[in-house]
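Colleague: coordinates only, sequence not included:
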């Protein structure tokens, strides 16, 4: 039933912020040494304007940073990813893809895109790829549950071949746009953009299949 003043709350926040500095620095230092770290950002309103909360985390450590910007400017200012030697897991945001080092793409993001694409187009290859990704996830989970550290070469070859087959089917169904004669690159369909990403970042999409330290999402 208490009604503390805004000044009291502000003082409490500032005190916590100051006293937790050592903890924050310890978390930051520990994250620099992990094998796999997850990175993302989320919009937040600050004084009537959109700003961004950036996160770098594992199952046991979480580091938050606030910055007015979303992309590379913020990443450089925060600095945590610049010298990170492990593998980062994230969505396909360009500011993450442009960083050096190992990375894996989050398949939860990919599945959402594929489901939306199937609902809009009904193309068969999309549903096949969704089922394949979920089969891969289940196979890795089953292998881990019995103490395996990798899938068999036969399993890997089968999954890789199916991935190639379904993506190729998608590329045939979604050819690149014809030249318009105008300057600049012709606009592609969302399906073609997604397929190009699957080709370019194939190793990052399937990283979880080859390295059990990397999660599916």
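Modeller: Everything's here; your move. Small disclaimer: the values here were computed from a predicted structure and weren't measured. Residues are numbered from 1 along each chain as shown.

Colleague: All the helices of the chain, residue numbers only.
Modeller: If DSSP state H is used as the criterion, the helices of the chain fall at 6-19, 21-31, 72-78, 94-97, 107-121, 124-145, 153-173, 190-200, 202-205, 207-210.

Colleague: could you say what helices and strands the fourth one packs with?
Modeller: In terms of contacts (3 or more Cβ pairs under 8 Å, 6 or more residues apart in numbering; DSSP states H and E), helix 94-97 is packed against helix 72-78. Backbone N, C-alpha and C define where each C-beta goes, glycine included.

Colleague: so which of the helices of the chain comes closest to residue 48?
Modeller: helix 6-19 (17.5 Å; Cβ to Cβ).

Colleague: tell me, what residue is most central in this structure?
Modeller: residue 90 (1.8 Å; Cα atoms, centre = their mean).

Colleague: Could I get the contacting residues of that residue?
Modeller: Contacts for residue 90 were tallied using Cβ atoms under 8 Å, 6 or more residues apart in numbering; they are 38-40, 96, 103, 105-106.

Colleague: Quick check: which helices or strands does the longest strand along the chain pack against?
Modeller: When the chain is parsed with DSSP state E, its longest strand is strand 36-46. The helices and strands touching strand 36-46, judged by 3+ Cβ pairs under 8 Å, 6+ apart, are strand 49-57, strand 87-90.

Colleague: What is the neighbour count of residue 132?
Modeller: Residues lying near residue 132 (other Cβ atoms under 10 Å) number 16.

Colleague: returning to what we had before: for the helices and strands packed on strand 36-46, which one ends up most surrounded?
Modeller: strand 87-90 (a mean of 21; mean count of other Cβ atoms under 10 Å).

Colleague: Centre of the chain to it, how far?
Modeller: Relative to the mean C-alpha coordinate of its chain, strand 87-90 is positioned 6 Å out (Cα atoms, centre = their mean, to the nearest Å).

Colleague: partners of that strand, with directions?
Modeller: strand 36-46 (parallel), strand 103-105 (parallel) (DSSP bridges).

Colleague: Buried residues in the first one, which are they?
Modeller: Of the residues in strand 36-46, 36-41 count as buried by neighbour count, 16 or more other Cβ atoms under 10 Å.

Colleague: Out of those residues, which is nearest to residue 62?
Modeller: residue 38 (9.4 Å).

Colleague: got the contact list for that closest one?
Modeller: Counting by Cβ under 8 Å, 6+ apart, the residues that residue 38 touches are 55-58, 88-90.

Colleague: Can you add distance to residue 46 and pLDDT and give those residues back as CSV?
Modeller: Output for those, formatted as CSV (distance: Cβ to Cβ, whole Å; pLDDT from 0 to 100):
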residue, distance to residue 46, pLDDT
55, 16, 97
56, 20, 97
57, 22, 96
58, 27, 96
88, 26, 96
89, 27, 97
90, 23, 96
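
Colleague: Spatially, which two of the residues you listed are the most separated?
Modeller: 58 and 90 (13.5 Å).

Colleague: so how far is residue 172 from the residue nearest to residue 57 when sequence neighbours are not counted?
Modeller: Excluding its sequence neighbours, the residue lying closest to residue 57 (Cβ to Cβ, 6 or more residues apart in numbering) is residue 38, at 5.3 Å. For residue 38, the distance to residue 172 equals 35 Å [Cβ to Cβ, to the nearest Å].
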